[in-house]
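# Okay, sequence plus prediction incoming.
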Amino acid sequence: MADKALIAKNNGNTAFLNGKFEESITYFTEAISYDPNNHVLYSNRSGAYASLKDWTKALSDAQKTVELKSDFAKGFSRLGIAYFYLGDLEKATKAYQDGLKLDPNNQQLKQGLEQAQIETRQRGLKGLQKLFGNDIFARAATNPKIASYLNDKSFVDAIKEIQADPQNLAKHIGDPRITEVISAYLGDLKNQAPSSSEGESIPEYRPTPQPQSQSQPQPQPQSQPQSKPQSTSTTTKKEEQQHSEEEVREIENKKRANVLKEEGTEFYKKKQFEAALEKYTQAAEIDPDNFSIPLNITAVFLEMGQIEKCIEECKKLIDLGRTKRVDYVLIAKVFARMGNAYMKVNDYSNAIIFYQKSLTEHRTAPTLAALQKAEKLLKEKEERDYLDNEKGVQARELGNQHFAKGEYPEGIKAYTDAIKRNPIDHISYSNRAACYMKLAEFGLGVKDCDKCLELVPSFVKAYIRKGNAQIIMKEYSKALETFDKGLKYDENNAELIEGSRKAIQAIHKQSDGQDKEASARAMQDPEIISILQDPVFNQVLKDLQSDPKAAQIHLQNPDIMRKIAKLQAAGILKLGKE
């Protein structure tokens, strides 16, 4: 079993190095079936799943790896990268830290930890950008308590400062009104200051006055000292009142725009896209700073089939969003919409690019699923574009030349190219099987023979190659079955007849107990266990010993004969001997 596991593992490593990740997973899975407690096999399969971006399965295998061997540093590296791309930065960081405790100089673990920490910091910053996004004033207007602060210029200015640079939050964190905004939009209302019903209210916040600069010009003497100060005070009050009125109008405009946006969304849901576009356009004119409105417009263009217009507007939105430091979640939506637009015109390469950009901004399950679908469709398209029967024949001939020279790896490469060019060319599968067998890769050879026979069941040469491989693998009953199937198509074929004879001799030898290793292996076969537990077949065995007439009838039953041959091959049943 250990030898089989090693062979399958080596095949998996080879496939992985050649970029054949799905094939490598098959081999690693086979190896695990032979050696289920080998942590390296789970680690390798985790790496293969990661290469396919199947992070859930990569995580499962990484967890199994460290469960089997808790001091295997590479297992924690696998664990960390899976958690990272699944978006669990806390667990990713811990996995990398645990790995570095085992191997402090491991560069892969160090780089993974650094990346996780950077992403954690960026996520925190992006969280603030989302909280104090462009729609904060519209949201504030819907909260009766916070809406009352919008008439205070100091509050509005503080919000705008934080919007300009989220790091300015530290400067205003002492303002209880800012704290209330954070609590309200994080849903943490229970931790607010006492409400007015308890006899207390949020105190008015007054920023600490800043000392005047010495370079500030001093007031000049006036000819009418009594009247001038009064005029200045009146002007200041008018300016403050005017400023407050402008902000009130801005808030009212945002409310109107929001109503129009909601009306547009209702039309969109009803697939009345022209009407939706009209409402969204009106909303955008009233509130040009609301980034979500033009984003909705791009969705309308996409549904209307105006793909170029959708992509063009999305590009403008990206530039606008970067300039205005828009919430990263909205930027991710724009990139995802561009990916969807390219998918509409079957441009899978560009769709993949923009889905990846979207996931860089913000990871979501729908976008990840869309990326995987685009990658799958691109692969299928490339395979279709590669089809060429004429070039497939040329590749097969090249493989034949390599085989004749004993250049079997090169032959495999050429036959593989021939199969890609023409996946229904049964001869290329048979010829590649011959190369695999020359390299002692009998399992792969049998697989190719099976594929060949699936395409053309009457191709006798494949039965010969498959049966010979099964004899070498000491699967004698299977080999006999293979040769018998081939003889149905060519009953006089000398190679099939000779192969069948060898298989029968091997079965007799095995039933005599001369090959104990094969017998022990056969006893683990689930089919043999099922046969031995079958009460009907047990009656057949009794008839073979005590009732010759009944025995003759049983021996004419193909299913009974197959089961008898199976038990003979296992060394359990011996016929013709005392």
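On my side now, so go ahead.
# make it CA atoms for all contacts and neighbour counts henceforth
Fine.
# Quick check: which ranges of the stretch 401-550 of the chain have low pLDDT?
Low-confidence segments of the stretch 401-550 of the chain, defined by pLDDT under 70: 510-524.
# can you pull out the strands in it?
Shown for the stretch 401-550 of the chain, no strands are assigned by DSSP state E, counting those that start in this stretch.
# Just the C-alpha atoms of stretch 368-385, please, in PDB.
Taking Å, rounded to 0.1, in the frame of the first residue of the first chain, the C-alpha atoms of stretch 368-385 are listed here in PDB:
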ATOM      1  CA  LEU A 368     -15.900  34.800  -6.400                       C
ATOM      2  CA  ALA A 369     -18.400  32.400  -8.100                       C
ATOM      3  CA  ALA A 370     -18.600  34.700 -11.100                       C
ATOM      4  CA  LEU A 371     -14.700  34.600 -11.400                       C
ATOM      5  CA  GLN A 372     -14.700  30.800 -11.200                       C
ATOM      6  CA  LYS A 373     -17.400  30.600 -13.900                       C
ATOM      7  CA  ALA A 374     -15.400  33.000 -16.100                       C
ATOM      8  CA  GLU A 375     -12.200  30.900 -15.700                       C
ATOM      9  CA  LYS A 376     -14.100  27.700 -16.500                       C
ATOM     10  CA  LEU A 377     -15.700  29.200 -19.600                       C
ATOM     11  CA  LEU A 378     -12.300  30.600 -20.800                       C
ATOM     12  CA  LYS A 379     -10.700  27.200 -20.300                       C
ATOM     13  CA  GLU A 380     -13.500  25.500 -22.300                       C
ATOM     14  CA  LYS A 381     -13.200  28.200 -25.100                       C
ATOM     15  CA  GLU A 382      -9.500  27.800 -25.300                       C
ATOM     16  CA  GLU A 383      -9.900  24.000 -25.600                       C
ATOM     17  CA  ARG A 384     -12.500  24.500 -28.400                       C
ATOM     18  CA  ASP A 385     -10.200  26.900 -30.200                       C
END
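# Off-centre distance for that stretch?
13 Å (CA atoms, centre = their mean, to the nearest Å).
# Check stretch 365-375 too.
8 Å.
# for stretch 161-180, same thing?
How far stretch 161-180 lies from its chain's middle: 38 Å, per CA atoms, centre = their mean.
# Can you give me the buried ones in it?
Buried positions in stretch 161-180, judged by neighbour count with 16 or more other CA atoms under 10 Å: 161-163, 166, 169, 172, 175-178, 180.
# contact partners of stretch 281-298?
Stretch 281-298 is contacted by residues 134-135, 253-254, 256-258, 260-261, 277, 280, 309-311, 313-314, 317, 321, 326, 330, 334, 337 when judged by CA atoms under 8 Å, 6 or more residues apart in numbering.
# ditto for stretch 451-460
Stretch 451-460 is contacted from outside by 424, 426-427, 429-430, 462-463, 486, 489-490, using CA under 8 Å, 6+ apart.
# First-to-last residue distance for it?
13 Å (CA to CA, to the nearest Å).
# what separates it from the chain centre, distance-wise?
Using CA atoms, centre = their mean, the offset of stretch 451-460 from its chain centre is 36 Å.
# Give me the buried stretch members for it, please.
Of the residues in stretch 451-460, 451-453, 455, 457-460 count as buried by neighbour count, 16+ other CA under 10 Å.
# do the same with stretch 377-395
In stretch 377-395, counting by 16+ other CA under 10 Å, buried: 377-378, 387, 389, 392-395.
# possible to save these as a markdown table with pLDDT and secondary structure?
Formatted as a markdown table, the buried residues of stretch 377-395 follow (pLDDT from 0 to 100; DSSP: H, G, I helix; E, B strand; the rest coil):
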| residue | pLDDT | secondary structure |
| --- | --- | --- |
| Leu377 | 93 | helix |
| Leu378 | 92 | helix |
| Leu387 | 87 | coil |
| Asn389 | 90 | helix |
| Gly392 | 91 | helix |
| Val393 | 93 | helix |
| Gln394 | 94 | helix |
| Ala395 | 94 | helix |
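# Out of those, which two sit at the greatest distance?
Leu377 and Gln394 (27.5 Å; CA to CA).
# And Leu453, how close does it get to Ser430?
9 Å.
# list the residues that contact both of the two?
Common neighbours of Leu453 and Ser430, using CA under 8 Å, 6+ apart, are Ala462.
# Can you show me the helices along the stretch 251-400 of the chain?
Applying DSSP state H, counting those that start in this stretch to the stretch 251-400 of the chain gives helices spanning 273-286, 292-303, 307-324, 328-344, 348-361, 365-386, 389-404.
# I'd like those helices written out as a markdown table, with distance to Lys53 added.
As requested, the helices of the stretch 251-400 of the chain are exported to a markdown table (distance: least, CA to CA, whole Å):
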| stretch | distance to Lys53 |
| --- | --- |
| helix 273-286 | 36 |
| helix 292-303 | 28 |
| helix 307-324 | 26 |
| helix 328-344 | 18 |
| helix 348-361 | 12 |
| helix 365-386 | 8 |
| helix 389-404 | 31 |
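# Pick the most buried one from those.
Most buried of these, by mean neighbour count (mean count of other CA atoms under 10 Å): helix 328-344, with a mean of 24.
# list the helices and strands that one packs on?
Contact analysis of helix 328-344 by 3 or more CA pairs under 8 Å, 6 or more residues apart in numbering; DSSP states H and E lists helix 107-131, helix 292-303, helix 307-324, helix 348-361 as its packing neighbours.
# mind putting the ones you listed in JSON lines, mean pLDDT and distance to Ala62 included?
Listed next are the helices and strands packed on helix 328-344 as JSON lines, based on pLDDT from 0 to 100; distance: least, CA to CA, whole Å:
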{"stretch": "helix 107-131", "mean pLDDT": "75", "distance to Ala62": "14"}
{"stretch": "helix 292-303", "mean pLDDT": "91", "distance to Ala62": "39"}
{"stretch": "helix 307-324", "mean pLDDT": "90", "distance to Ala62": "37"}
{"stretch": "helix 348-361", "mean pLDDT": "92", "distance to Ala62": "23"}
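# Can you flag which of the buried residues of stretch 161-180 belong to helices?
161-163, 169, 172, 176-178, 180 (DSSP state H).
# if we take those, which one ends up nearest to Asp347?
Gln163 (36.9 Å).
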